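only geometry, no sequence info:
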C-alpha cells in the first residue's frame, strides 16, 4: 500500500501546481479599449483637389504629401507680386544710393549756364538794354537750377529712405502671404503615422479649414488596462506585452508599458478582469505600434510578458 502513496502524492502535487499556475496565468489577461491621439489634416485655403497621394491604411512618413490642391488661381498672383517686390526693391536701392554722378554733373552744368545768362541779363539791365521781365526770369531760372544741383549733391533724405523701405517691406510681406497660401495647397503628414480616414478624389472641392484626412501619429496609439495590486510588482515602465483584438484573434500586436498610475483605485465597471470589483488596481498605460488593423474604440486583450 505504501508503494502507491508516494506516486499519488506526486500526482496530486503536480496537479495542484498546474491548477495554481493556470489560475495565475489567467490573471495575466486584461481587457482595455484602444485609444489614439489623431491629427486631422486640412488646408487653410482649401480649393479643388488635383491629386490624392495616399489611401486609408497607408503608412506615412513626416513631410510626405497626402493631398494636393490646384494652384491655377494663386500662381498668377504670386508672379505679379514678385514683380512688385522687384520694383519696390529697385526704388529703395535708388533712394539709398542717391543720384548718380552723371546727374549731379549735368545739374551743375545747367546751373552754371543759367547763372551766366543771369549775369549777362543783369549787365544788360543796368544799361537798360533788356526788359525787366527777362532779367527776372533769368534770375529765377538760375536760382531754381542751383537748388536742384544742391539737392542732388546732398543725396537722398532720410525720410525718402524710410518711405522706400516701408513700401518694400509691405510688398515682401504680401508676397510671403501669397507663398504661404500656395504652400497650404499641399497637405503633408506632420510626422510618421497611419492614415485612418481619407475619402477624397481628384476634382473634389474642400472648403478652407476643413479636414481632408485623419492620421494616427506614430507613438500616439495606446491602451489602458487595470492591474491588481498583487501583480503590480511584475509590471514596470518599459515592460513588453502582447495585444490581441477580436477581429484578428490569431494575430498579436506588440505593446510597451509607458506609465503606471501612482494611486490605486477600484476596478472601473466598464473593464473586465478576473479579479473582483472591490480589488484595488492600478491603471497601466501601454503604447501600441500603429497598424491599419487597430482602430480607436476597439476592445483589446493585453497579456503582460512579465506577469507570472
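Right, received. Where do you want to start? The structure displayed is predicted, hence computed values, not measured ones.

show me the shaky parts of the stretch 1-150 of the chain.
For the stretch 1-150 of the chain, applying pLDDT under 70 flags the ranges 1-28.

residue boundaries of the strands in it?
Using DSSP state E, counting those that start in this stretch, the strands assigned to the stretch 1-150 of the chain run over residues 29-42, 47-52, 59-60, 65-69.

now do residue 233 against residue 304, distance only.
12 Å (C-beta to C-beta, to the nearest Å). All C-beta spots, glycine's among them, are computed from the backbone N, C-alpha and C.

please apply the same query to residue 292.
Taking C-beta to C-beta, one finds residue 292 at 25 Å from residue 304.

give me the more crowded residue out of those two.
residue 304 (23 against 13; other C-beta atoms under 10 Å).

residues contacting that one?
Counting by C-beta atoms under 8 Å, 6 or more residues apart in numbering, residue 304 makes contact with 28, 30, 227, 234-235, 239, 241, 257.

those residues into a markdown table, with extra columns for secondary structure and neighbour count?
Below are the contacts of residue 304 laid out as a markdown table (DSSP: H, G, I helix; E, B strand; the rest coil; neighbours: other C-beta atoms under 10 Å):
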| residue | secondary structure | neighbour count |
| --- | --- | --- |
| 28 | coil | 19 |
| 30 | strand | 27 |
| 227 | strand | 25 |
| 234 | helix | 14 |
| 235 | coil | 19 |
| 239 | coil | 18 |
| 241 | strand | 24 |
| 257 | strand | 21 |
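
what about residue 179, neighbour count?
Around residue 179 there are 14 residues (other C-beta under 10 Å).

next SSE downstream of the helix or strand it falls within?
For residue 179, the element it lies in under DSSP states H and E is helix 158-183. Using DSSP H and E, the helix or strand that follows helix 158-183 towards the C-terminus is strand 186-188.

domain assignment for this protein?
Domain ranges of the chain: 29-65+199-304, 74-182, per automatic domain parsing.

start to end distance for the longest one?
Distance between the boundary residues of domain 29-65+199-304 (C-alpha to C-alpha, to the nearest Å) amounts to 7 Å.

figure out how far that domain is from the centre of its chain.
Remark: domain 29-65+199-304 is offset 23 Å from the chain centroid, using C-alpha atoms, centre = their mean, to the nearest Å.

next: stretch 100-120.
62 Å.

kindly report the same for stretch 87-103.
With C-alpha atoms, centre = their mean, you get 40 Å for stretch 87-103.

quick test: name the residue nearest the centre of the chain.
residue 190 (6.1 Å; C-alpha atoms, centre = their mean).

contact partners for that residue?
39, 41, 62, 215, 217 are the contacts of residue 190 under C-beta under 8 Å, 6+ apart.

just to check, the first one is in contact with residue 214?
Yes: Residue 39 lies in contact with residue 214 (C-beta atoms under 8 Å); the separation is 7.1 Å.

need the residues touching each of those two.
In contact with both residue 39 and residue 214: no residue, using C-beta under 8 Å, 6+ apart.

give me the distance from stretch 133-143 to the chain's centre.
Relative to its parent chain, stretch 133-143 has a centroid offset of 69 Å by C-alpha atoms, centre = their mean.

tell me the secondary structure for residue 238?
coil (DSSP: H, G, I helix; E, B strand; the rest coil).

list phi and psi for it.
phi 100, psi -10 (degrees, to the nearest 10).

in stretch 194-211, what counts as buried?
Residues 194-196, 198, 200, 206 are the ones in stretch 194-211 that count as buried (16 or more other C-beta atoms under 10 Å).

got a list of contacts for it?
Residues contacting stretch 194-211 (C-beta under 8 Å, 6+ apart): 36, 38, 40-52, 54-60, 66-67, 69, 212-216, 218, 290-292, 295-296.

kindly report the same for stretch 71-84.
45, 47, 171, 174-175, 178-179, 181-182, 185.

can you pick out the most distant pair from those residues?
Farthest-apart pair in the contacts of stretch 71-84 is 47 and 171; separation 24.8 Å (C-beta to C-beta).

what residues are up against the closest residue to residue 246 other than its chain neighbours?
For residue 246, ignoring the flanking residues on the chain, the nearest one in space by C-beta to C-beta, 6 or more residues apart in numbering is residue 299 at 6.6 Å. By C-beta under 8 Å, 6+ apart, the contact set of residue 299 is 31-34, 245-246.

of these, grab the buried ones for PyMOL.
Here is the PyMOL selection string for the buried members of those, based on 16+ other C-beta under 10 Å:
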select buried, resi 32+34+245
